[in-house]
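Visitor: Show me how the following folds:
(one chain, ligands or ions: 1)
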Amino acid sequence: MASQNQPDYDVIGIGAGFAGLALIHYMREAGFSVRVFDKAADIGGTWTWNRYPGAASDSECYYYCLTFSKELLQEWQWSVRYPGWEENLRYMHFVADKCDMWPHIQLNKEIVRADYQEDTGHWQITTADGDQCTCKYLVSAMGMISQPVIPDIKGMDTFKGPCFHSARWPQDGLDYAGKRVGIIGAGATTVQMLPVMAETAESVTVFQRTPNFIMPAVQKPMTAEWEQEIKEHYDEIIAKCRNHVFGMAFDSPVGRNLADTPPDEVQRIFEEHWPQGSFRFVFETFDDLLTNPESNRVAGEFVISKMKEKVKDPEVAEMLTPKGYPFFAKRPPLDHGYYEAYNRDNVKLVDIKDREPLVEITETGIRTTENDYELDIIVLATGFQAYTGAQEALAIRGRNGLLLSDKWEDVSASIMGVFVADFPNMFMITGPQAPFANLPTSIEQNIMYIVDCIKKMGDEGFDVCEPQKEAEDEWVEHTADIHAQTLMAQGDRVHSWMMGANLEDRKPRVLIYFGGANVYYDKMRESADAGFPEVEFERIA
Ligand SMILES: Cc1cc2nc3c(=O)[nH]c(=O)nc-3n(C[C@H](O)[C@H](O)[C@H](O)COP(=O)(O)OP(=O)(O)OC[C@H]3O[C@@H](n4cnc5c(N)ncnc54)[C@H](O)[C@@H]3O)c2cc1C
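Guide: Sure thing, here's the model as predicted:
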């Protein structure tokens, strides 16, 4: 343990996923001592927890990665366009090995509290087994989508078979071959999981609340030519991500609006882009799909028509048709055979929102208002407490003992998703009111911003950086104003995790900055260049 005025580490990061690994790199490079803790048994974050069949990224591999080292970019070889969890995990190990990060990482350590110490300006963290240590700067690398939502369903603990959240998939795997599987939820996880499980399970029954707009993934192997092209153009790819509204290496804006394009031409362009897969359909066809309600409606109709071409049973197709909210108001999952799975005899879709609400889980399965479904395994694919869940799950106490979860009860306030007023010397990587974008891009941009702030503190001899309440109010208001102008704001109609509206005990909140990831990155740069006007810097006498 260090002396009273000397913390154990300059920086402590909580979380050893993409954000934790990038934190180690950038802090070490800037000359700071850094330690990263994770409650998981392995590094990888998302990819160590979400080991369900079919789990894969929706970002294409070549920009779903860390970019700080040219060597890493050149040496690593992806096998497919959208890597599965095993490959993503292997990639994270490659990064940690290659960059000698292991001495900075402590696994199987859940942080249960973090206390700001007014007298020193340091943070003290406490682990579940009672260990304590201190740092000058606390960084949350706990993930935007890491804290599962466990639904409160009557009888859940009476079920005799395995019943668990998809993000807590048994680490040693689960033998579901020949078993009757029930999946509660029909979001991105189920879209990935269903086609794989249906191949060997006796039956898979999906209990759906809200259908999604789903776009084709179009998985494909990484060929030698494609890999060479990527590796020769990494500087451009990184620049594209940095300058894109969604942090992805897309060629947009395209300079064309659907509203100004004749209908035949619209269809031709849609048809041309659809088979390319990924989110490119949204970003590389027309620039007004997410801003003009009529253009959005036309695009949404096209997506639905494609679903109807695949699903043979019209009644099932009707149940799979998203209604009452705009296209992209919920992030669309990518399809790896989801719709075709519903043409199989061993797959059944149950509408638990309107037709047969879920009543309880019994010893042997799931009971709805209409039926009893006999099951061997129940998977809760019920999503995440996005943006704030992980930080609210432990006791983070700032000035005057203020609990972060109390502060965020109604408004998940921050400055750019990085600073929180009353929580000095604390930073978040992709916290609430940051954009929803390609996460590795945002993570690295956030960390570079944080490093600049910490460097300024060291260079100028400050002890405390105090995020300003006025700056926080401004960001909250700005984020709400932008949100109000988007299709996402079509009110209560969008029951989306992106608004925290999947949490039954919480009011929907504006959790996301919708002004564009590129604009957001510019704002961080402007702030750093201007000496962080959102923050007051102080010395402790
Ligand atoms: C199935 C799935 C697919 C996804 N696909 C994409 C994609 O294609 N593109 C994209 O951009 N994003 C995707 N995401 C979002 C994904 O979360 C990010 O891409 C990325 O993994 C975030 O990295 P992170 O390090 O910020 O957080 P995470 O990977 O979530 O890591 C956070 C870590 O913090 C740890 N932690 C949390 N609380 C504590 C605590 N109290 N004590 C100790 N440790 C703690 C957790 O154990 C976890 O390991 C996906 C998410 C899921 C669930």
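Visitor: what kind of secondary structure is the nearest residue to Leu21 once chain neighbours are set aside in?
Guide: With sequence-adjacent residues excluded and distances taken as Cβ to Cβ, 6 or more residues apart in numbering, Leu21 is closest to Val95, at 5.5 Å. C-betas here are computed from N, CA, C, even on glycine. Assigned by DSSP: H, G, I helix; E, B strand; the rest coil, the conformation of Val95 is helix.
Visitor: does Val95 really touch Ile105, like I thought?
Guide: No. Between Val95 and Ile105 no contact is recorded; they are 11.4 Å apart, counting by Cβ atoms under 8 Å.
Visitor: Could you tell me how many residues sit around Gln6?
Guide: Gln6 is flanked by 11 other residues according to other Cβ atoms under 10 Å.
Visitor: element containing it?
Guide: Using DSSP states H and E, Gln6 sits within no helix or strand.
Visitor: what residues are up against it?
Guide: Gln6 makes no contacts at all, as judged by Cβ atoms under 8 Å, 6 or more residues apart in numbering.
Visitor: same check, this time on the one 5 residues further on
Guide: Under the criterion of Cβ under 8 Å, 6+ apart, the contact partners of Val11 comprise 23, 27, 32-35, 135-139, 454.
Visitor: The helix or strand hosting Gln391 vs the ligand: in contact?
Guide: Here Gln391 sits within helix 389-392, counting by DSSP H and E. Yes. Applying Cβ under 6 Å from any ligand atom, one finds helix 389-392 touching the ligand at Ala390.
Visitor: which residues sit against that helix?
Guide: 15, 140, 142-143, 146-149, 385, 404-405, 408, 428, 431.
Visitor: What about the residue nearest to Leu21, how many residues nearby?
Guide: 23.
Visitor: So what's the predicted local confidence for it?
Guide: At Val95, the predicted lDDT confidence score is 98.
Visitor: residues contacting it?
Guide: Val95 touches 21, 66, 72, 101, counting by Cβ under 8 Å, 6+ apart.
Visitor: Just give me the closest of those to the ligand.
Guide: Leu21 (7.6 Å; Cβ to the nearest ligand atom).
Visitor: any idea which element that closest one lies in?
Guide: Short version, using DSSP H and E: Leu21 is in helix 18-29.
Visitor: can the contacts of Val95 go into CSV with extra columns for distance to Asp129?
Guide: As requested, the contacts of Val95 are exported to CSV (distance: Cβ to Cβ, whole Å):
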residue, distance to Asp129
Leu21, 24
Leu66, 30
Leu72, 34
Met101, 23
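Visitor: Please indicate which of these has the highest neighbour count?
Guide: Leu21 leads those on contacts (other Cβ under 10 Å) with 27 neighbours.
Visitor: Run a quick neighbour tally on the residue lying closest to Pro440 once chain neighbours are set aside.
Guide: Residue nearest to Pro440 in three dimensions, not counting chain neighbours: Phe18, with 5.4 Å by Cβ to Cβ, 6+ apart. Neighbour count of Phe18, defined by other Cβ under 10 Å: 29.
Visitor: now Met319
Guide: Around Met319 there are 20 residues (other Cβ under 10 Å).
Visitor: Since that was my last question, I'll sign off now.
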